[in-house]
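S.K.: structure for the following, please:
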Amino acid sequence: MNEPILEMRGISKSFAGVQALKNVSFRCQAGLVYGLVGENGAGKSTLMKILAGAYKADAGEIIYKGMPRETASTGEIIDSGISIIYQELALVPQMSVAENIFLGREPRNRLGILDLGQLHARSNELLSRLGVALDTRLSVSELTIAQQQLVEIAKALSQDADLIVMDEPSAILAGSELDQLFDIIAALKAQGVTIVYISHRLEEVFRIADEVTVLKDGEVVDSRPISQLDRPTLVRLMVGRSLDEIFPQTDHEQGDLVLSAEDIETDTILDGVSLRLHAGEILGIAGMVGSGRTELARALFGADPLTHGEVRLVGKSLQWKTPSQAIRAGLVLVPEDRKSQGLFTALSVRINITIPILSRLSRLGIVRRPAEEGVVINAQQRLSIVMTSPEQETQYLSGGNQQKVVLAKWLETEPTVIILDEPTRGVDVGAKFEIYKLMRQLNDRGIAIIMISSELPEIIGMSDRILVMNDGRVAGELSRENADEERIIELATLGSAEAQLA
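M.R.: As a prediction, the model looks like this:
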């Protein structure tokens, strides 16, 4: 076997006495894809930040391309051929695609003047290596998130990267965009580039990885070829216990009709959408990116005004024009992007949970702190939120605990209907299971849920009924018994008229 391109031997790291990594060893052969998995807090990001030079290990050594690597700056590590693409993309929105790809390394002529022709030519060459057609003169702010991620990958290639770390690259992608990412990873692998792929989506790991390393509590649990693993085994290695992969069900009967939408349209994409939702039911909404799933949630929540049709909640016709009216009526939305739309991440857990009900907790305009703290402690216990204190800034919680804070905030409003848009995106497998159990507990209390998800196993496993959207319309409805991935994809990719006849 060839010498590994990377060896990290006996890496240990602690922060303020807390052991983040303990004697971790990790190795990569050139031209292969390595899955790095584990629950939030397992040490994945810390290990990669040590590789990137952002942290210095307390113990251990790094051998890269056969040479021991001492402490190096981030710039020196990039120059050596290592590139890390973080979940939070590091691009300058106001600058062009080409300028971002070669930022700080712009080609110049003999007089030191920026050579725009060469800048765009080399950028186009890199994008063509990825099989991507993109106008390099566009500013990054004009691109979709998926296109921005492609720019990040092109930037890594411009640095002659031999090893690329992708940290949760699919958290913001779905459907055809995700397929494009996998095609690009396959192309990079064929060119001899090594990929370290960090993800909570285990189906993706099984799809693209050659080998998987599992971290738990800062230690390596196991490393083995993907061919020697199945999903239940990988889940057990990650969470340290046998996890029932069957989604939790409920045996209570569905209640009365609580929400209906009749032929609703908006100025976005919705075109005559109708639905019914009953108390204690989970209605799954499936479809490709751009099918209108999130736009449906926004229309029901009052964020996008209706241009046609009617929404009725508990029998009352509602023509709300703002989300605040929807909240008061008993309908709340947990958005897809919890960090920018669902939370004030720089503020405390306490403030985030109680902000919708401050009037209830106030007397003469002054918040009663004991009552407020009681609400937070009850929410913490009910949803098992892991936090150091109610004053901890929400940005420092794990993805799963941030999602629980959003849920806790809306549960305090005592809603009739909860819309969950990608409820487990960026959440590890253990926290997913907790969210699924919570959803069923809400069902048992009679709360109705609309769940939008790009993960088909999640849609099939948790939904009592499934609506499949395509181009702003409902392409079909499936019962739990009749739903499978093939049928959902068929409906999601056919035109609505064809799907109804299929």
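S.K.: you'd agree residue 186 is in a helix?
M.R.: Yes - counting by DSSP: H, G, I helix; E, B strand; the rest coil, residue 186 is part of a helix.
S.K.: residue 339 against residue 402, yeah?
M.R.: Yes - counting by Cβ atoms under 8 Å, residue 339 does reach residue 402; the two are 7.3 Å apart. (Each C-beta comes from the backbone N, C-alpha and C, glycine too.)
S.K.: list residues touching both of those two?
M.R.: Counting by Cβ atoms under 8 Å, 6 or more residues apart in numbering, the contacts common to residue 339 and residue 402 are residue 345.
S.K.: more crowded one of these two?
M.R.: residue 402 (25 against 16; other Cβ atoms under 10 Å).
S.K.: list the contacts of the nearest residue to the more buried one once chain neighbours are set aside.
M.R.: Closest residue to residue 402 apart from its sequence neighbours, by Cβ to Cβ, 6 or more residues apart in numbering: residue 338 at 5.7 Å. Each residue near residue 338 by Cβ under 8 Å, 6+ apart is listed here: 402, 403, 406.
S.K.: so which of those residues belong to helices?
M.R.: 402, 403, 406 (DSSP state H).
S.K.: helix, strand or coil for residue 467?
M.R.: strand.
S.K.: got the contact list for it?
M.R.: 275, 283, 284, 285, 286, 474, 476, 477.
S.K.: I'd assumed residue 457 was in contact with the fifth one.
M.R.: No - checked against Cβ under 8 Å, the pair residue 286 and residue 457 is beyond contact range at 11.3 Å.
S.K.: quick one: low-confidence parts of the stretch 101-250 of the chain?
M.R.: Within the stretch 101-250 of the chain, the segments meeting pLDDT under 70 span 171-177, 240-246.
S.K.: hey, where'd the strands end up in it?
M.R.: Ranges of strands in the stretch 101-250 of the chain, per DSSP state E, counting those that start in this stretch, are 163-167, 194-198, 211-216, 219-225.
S.K.: possible to save those strands as a markdown table with distance to residue 94?
M.R.: Shown next, in a markdown table, are these (distance: least, Cβ to Cβ, whole Å):
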| stretch | distance to residue 94 |
| --- | --- |
| strand 163-167 | 24 |
| strand 194-198 | 29 |
| strand 211-216 | 38 |
| strand 219-225 | 42 |
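S.K.: for residue 186, find the nearest of those.
M.R.: When the strands of the stretch 101-250 of the chain are compared by Cβ to Cβ, strand 194-198 sits nearest residue 186, at 9.7 Å.
S.K.: right, and residue 57 touches residue 11 too?
M.R.: Yes - in this structure, residue 57 is within contact of residue 11 by Cβ under 8 Å, at 5.0 Å.
S.K.: compare those two (neighbour count), which wins?
M.R.: Using other Cβ under 10 Å as the criterion, residue 57 and residue 11 rank with residue 11 on top: 24 against 19.
S.K.: list the contacts of the more buried one.
M.R.: Taking Cβ under 8 Å, 6+ apart, one finds 21, 23, 24, 25, 26, 47, 50, 57, 59, 60, 62 in contact with residue 11.
S.K.: ok, now how distant is the last one from residue 385?
M.R.: Same thing as residue 62. 36 Å (Cβ to Cβ, to the nearest Å).
S.K.: cool, residue 3 as well?
M.R.: Using Cβ to Cβ, which is the criterion applied here, residue 3 is 46 Å from residue 385.
S.K.: more neighbours, those two?
M.R.: residue 385 (22 against 10).
S.K.: for the residue nearest to that one when sequence neighbours are not counted, give its distance to residue 349.
M.R.: Excluding the flanking residues, the one nearest residue 385 by Cβ to Cβ, 6+ apart is residue 404, at 4.8 Å. Residue 404 sits 10 Å away from residue 349, going by Cβ to Cβ.
S.K.: residues shared between the contacts of those two?
M.R.: residue 385.
S.K.: C-alpha coordinates for stretch 424-442, PDB please?
M.R.: Extracted C-alpha coordinates of stretch 424-442, given in PDB (Å, rounded to 0.1, in the frame of the first residue of the first chain):
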ATOM      1  CA  THR A 424     -33.300  17.700  11.800                       C
ATOM      2  CA  ARG A 425     -31.000  19.500   9.300                       C
ATOM      3  CA  GLY A 426     -27.400  19.700  10.800                       C
ATOM      4  CA  VAL A 427     -28.500  17.600  13.800                       C
ATOM      5  CA  ASP A 428     -26.600  14.400  14.800                       C
ATOM      6  CA  VAL A 429     -28.300  11.000  14.900                       C
ATOM      7  CA  GLY A 430     -28.900  10.900  18.600                       C
ATOM      8  CA  ALA A 431     -30.500  14.400  18.700                       C
ATOM      9  CA  LYS A 432     -32.700  13.400  15.700                       C
ATOM     10  CA  PHE A 433     -34.200  10.500  17.600                       C
ATOM     11  CA  GLU A 434     -35.000  12.900  20.500                       C
ATOM     12  CA  ILE A 435     -36.700  15.300  18.100                       C
ATOM     13  CA  TYR A 436     -38.700  12.500  16.600                       C
ATOM     14  CA  LYS A 437     -39.900  11.400  20.000                       C
ATOM     15  CA  LEU A 438     -40.800  15.000  20.900                       C
ATOM     16  CA  MET A 439     -42.900  15.300  17.700                       C
ATOM     17  CA  ARG A 440     -44.900  12.200  18.700                       C
ATOM     18  CA  GLN A 441     -45.300  13.500  22.200                       C
ATOM     19  CA  LEU A 442     -46.800  16.700  20.700                       C
END
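S.K.: buried residues in that stretch?
M.R.: 424-436, 438-440, 442 (16 or more other Cβ atoms under 10 Å).
S.K.: low-confidence stretches in the stretch 251-400 of the chain?
M.R.: Looking at the stretch 251-400 of the chain by pLDDT under 70, you get 252.
S.K.: and the closest residue to residue 118 other than its chain neighbours, how far is that from residue 81?
M.R.: For residue 118, ignoring the flanking residues on the chain, the nearest one in space by Cβ to Cβ, 6+ apart is residue 107 at 4.3 Å. As judged by Cβ to Cβ, residue 107 and residue 81 stand 20 Å apart.
S.K.: contacts only, for the nearest residue to residue 462 once chain neighbours are set aside.
M.R.: Spatial nearest neighbour of residue 462, excluding adjacent residues (Cβ to Cβ, 6+ apart): residue 247 at 5.2 Å. Contact analysis of residue 247 by Cβ under 8 Å, 6+ apart lists 436, 458, 461, 462.
S.K.: quick one: closest of the strands of the stretch 101-250 of the chain to residue 453.
M.R.: Using Cβ to Cβ, these put strand 194-198 closest to residue 453, at 20.9 Å.
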